[in-house]
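Visitor: Task: produce atomic coordinates for the following.
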Amino acid sequence: MGAEEAAPLSPPPPDMSPVLDRTPMPGAGPEPTTTIYARVPWALGEELRDLARRRSREEGRRVTVNDLVVEAMRRLLE
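Guide: I've put the predicted structure just below:
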C-alpha cells in the first residue's frame, strides 16, 4: 500500500468569501434599471397609454406606461 493510499483526503475548507446581498436597501436610492424593448400590438399600446392617463388623474401623480409594465411584470413573475 503506497503512502498516497494510506490517508483519506480531507474535505476542502468551507468557502469563507463574503456573500453579497443584492437586496435593495430602503432609502439607498433608486434601484438600478435595465432597458427591455418590446414590440406590442398597436391596440395594446393605446390601452396602456389610456390606463396610464386615467391612473395619473385618479392617483394625483404621474403614472407612466413604464410603471404599468413594471407592475405587470412583477405580478407575472411572482
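
Visitor: quick one: contacts of the lengthiest helix in the chain?
Guide: Using DSSP state H to define each element, the chain has its longest helix at helix 42-59. When contacts are defined by Cβ atoms under 8 Å, 6 or more residues apart in numbering, helix 42-59 is touched by residues V40, R62, V63, T64, V65, D67, L68, V69. C-beta here means a position set from N, CA and C on the backbone, and glycine is covered the same way.

Visitor: For those, name the two members farthest from one another.
Guide: V40 and R62 (21.1 Å; Cβ to Cβ).

Visitor: if we can go back for a sec, please indicate which of the contacts of helix 42-59 are buried?
Guide: If you count burial by 16 or more other Cβ atoms under 10 Å, the buried members of the contacts of helix 42-59 come out as V63, L68.

Visitor: ok, so of the contacts of helix 42-59, who is nearest E31?
Guide: Each of the contacts of helix 42-59 was scored against E31 by Cβ to Cβ, and D67 proved nearest at 13.3 Å.

Visitor: What residue, apart from its backbone neighbours, is nearest the closest one spatially?
Guide: A52 (7.1 Å; Cβ to Cβ, 6 or more residues apart in numbering).

Visitor: and the longest helix of the chain, average pLDDT?
Guide: Summarised as a single mean, pLDDT over helix 42-59 is 97.

Visitor: can you pull the buried residues of it?
Guide: By neighbour count on 16+ other Cβ under 10 Å, the buried set for helix 42-59 is L48, A52, R55.

Visitor: ok, then the element right after that helix?
Guide: helix 65-77 (DSSP states H and E).

Visitor: Counting by contacts, list what that following helix packs against.
Guide: Counting contacts by 3 or more Cβ pairs under 8 Å, 6 or more residues apart in numbering; DSSP states H and E, helix 65-77 is packed against helix 42-59.

Visitor: Please write out the alpha-carbon positions of the helix it packs on in PDB.
Guide: Provided in PDB are the C-alpha atoms of helix 42-59 (Å, rounded to 0.1, in the frame of the first residue of the first chain):
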ATOM      1  CA  TRP A  42     -50.900  48.900 -31.500                       C
ATOM      2  CA  ALA A  43     -54.200  48.500 -29.600                       C
ATOM      3  CA  LEU A  44     -52.300  47.200 -26.500                       C
ATOM      4  CA  GLY A  45     -50.100  50.300 -26.600                       C
ATOM      5  CA  GLU A  46     -53.100  52.600 -26.800                       C
ATOM      6  CA  GLU A  47     -54.800  50.800 -23.900                       C
ATOM      7  CA  LEU A  48     -51.600  51.100 -21.800                       C
ATOM      8  CA  ARG A  49     -51.400  54.900 -22.600                       C
ATOM      9  CA  ASP A  50     -55.100  55.300 -21.800                       C
ATOM     10  CA  LEU A  51     -54.700  53.400 -18.500                       C
ATOM     11  CA  ALA A  52     -51.600  55.500 -17.600                       C
ATOM     12  CA  ARG A  53     -53.500  58.700 -18.200                       C
ATOM     13  CA  ARG A  54     -56.500  57.500 -16.200                       C
ATOM     14  CA  ARG A  55     -54.400  56.300 -13.200                       C
ATOM     15  CA  SER A  56     -52.500  59.600 -13.300                       C
ATOM     16  CA  ARG A  57     -55.700  61.500 -12.800                       C
ATOM     17  CA  GLU A  58     -57.100  59.100 -10.200                       C
ATOM     18  CA  GLU A  59     -53.900  58.900  -8.100                       C
END
